[in-house]
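# pasting the sequence and the predicted model now:
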Amino acid sequence: MQALTCEQVRRVDEIAIRDYQMPGIVLMENAGRGAAEIIHSLCPDATALVLCGRGNNGGDGYVIARHLQILGHEVSILAVCAVDELSGDAKVNAVIADAAGIEIEVIEEKANQEGTSLAMKLGKTNCIIDGLLGTGAKPPLRGIYAALVSAANESDAMRIALDIPTGLDGDTGEVIGEAFRADHTMTFVAPKVGFQQKNADEFVGVVHVVGIGVPTKLIRELDLPNNELGLPKN
Ligand SMILES: NC(=O)C1=CN([C@@H]2O[C@H](COP(=O)(O)OP(=O)(O)OC[C@H]3O[C@@H](n4cnc5c(N)ncnc54)[C@H](OP(=O)(O)O)[C@@H]3O)[C@@H](O)[C@H]2O)[C@@H](O)CC1
Ligand SMILES: [K+]
């Protein structure tokens with residue numbers, strides 16, 4: 001499957017919502033359910049800890065936590081902000097996860113100083129899921145994100161990235177400082193062009209492409225030389 005830039009994938013979401021009247025919440029549910037089913041097949045008995053950022057990448061994490069619970073897993077969430085600080089589709093899914101009784105612990109910025117407490121928290125699970133940053137990331141990692149990524153990388157848990165390993169630039173494959181070293185990456189719609197660059201594969205691990213339910217016609221338009229998305233003709 002053709003690799004896309006972060007901007008191209010964001011355009012797919014925009015067009016699905018604008019031209020095909022697909023609610024973003026439906027795209028997020030498809031993304032999260034599809035990722036959860038692959039994660040379940042990879043580690044059927046895992047106790048999972050989902051790291052949720054404050055955007056829609058975090059939103060995917062809240063959906064995945066719910067579906068892993070449905071599939072029988074012990075799941076908890078470590079969030080960079082409280083549910084009421086979220087917005088849009090991410091907030092909807094955080095509220096659902098909270099109502100479903102899934103533990104959501106908000107990690108305080110000050111935890112940054114006490115690296116041990118983070119390592120303790122992340123050491124108690126055998127599957128860490130990175131829902132911190134996706135196509136909306138603007139490196140370098142700010143505040144608690146770098147500490148969370150470092151603590152996750154020190155853990156001997158299986159590490160699974162959602163869409164793009166946090167800290168990796170999805171377009172260039174560059175890593176400034178630290179990036180989540182995923183064993184598996186569940187990437188939505190298409191592989192990202194940055195995954196093929198230099199040493200990205202040590203952060204990306206095995207790539208699994210997860211569809212988000214957009215119509216074939218939209219995806220087919222991506223391959224047309226004069227496609228409507230205004231994508232470069234490469
Ligand atoms: N319907 C859809 O659209 C679908 C979308 N999908 C999912 O959405 C993802 C894109 O979501 P998104 O656009 O919300 O961006 P996301 O990557 O969550 O981060 C934005 C937040 O992070 C922050 N931030 C940025 N850089 C930072 C840094 N270096 N260090 C710290 N913080 C940083 C940034 O803050 P700001 O820069 O605005 O101050 C903002 O708050 C995509 O990857 C896929 O997983 C799928 O569900 C399919 C359907
Ligand atoms: K991520």
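Sure, I can see it. Numbers count the residues shown, from 1 in each chain. Ligands and ions are numbered 1, 2, ... in the order given.

# okay, CA-based contacts and neighbour counts for the rest of this
Noted.

# quick one: Pro165 is in a helix?
No. Using DSSP: H, G, I helix; E, B strand; the rest coil, the secondary structure at Pro165 is coil, not a helix.

# ok, it - contacts?
Residues near Pro165 by Cα atoms under 8 Å, 6 or more residues apart in numbering: 130, 133-134, 179-182, 185, 203-204.

# who's the most centrally placed residue in the chain bridged to?
The centre of the chain sits closest to Leu162, judged by Cα atoms, centre = their mean, with a distance of 2.5 Å. With DSSP bridges applied, Leu162 shows beta-bridge pairing to Met186.

# just put the contacts of Pro165 in JSON lines and tack on neighbour count and secondary structure.
Shown next, in JSON lines, are the contacts of Pro165 (neighbours: other Cα atoms under 10 Å; DSSP: H, G, I helix; E, B strand; the rest coil):
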{"residue": "Asp130", "neighbour count": "32", "secondary structure": "strand"}
{"residue": "Leu133", "neighbour count": "27", "secondary structure": "coil"}
{"residue": "Gly134", "neighbour count": "27", "secondary structure": "coil"}
{"residue": "Ala179", "neighbour count": "27", "secondary structure": "coil"}
{"residue": "Phe180", "neighbour count": "27", "secondary structure": "coil"}
{"residue": "Arg181", "neighbour count": "27", "secondary structure": "coil"}
{"residue": "Ala182", "neighbour count": "27", "secondary structure": "coil"}
{"residue": "Thr185", "neighbour count": "27", "secondary structure": "strand"}
{"residue": "Phe203", "neighbour count": "25", "secondary structure": "helix"}
{"residue": "Val204", "neighbour count": "28", "secondary structure": "helix"}
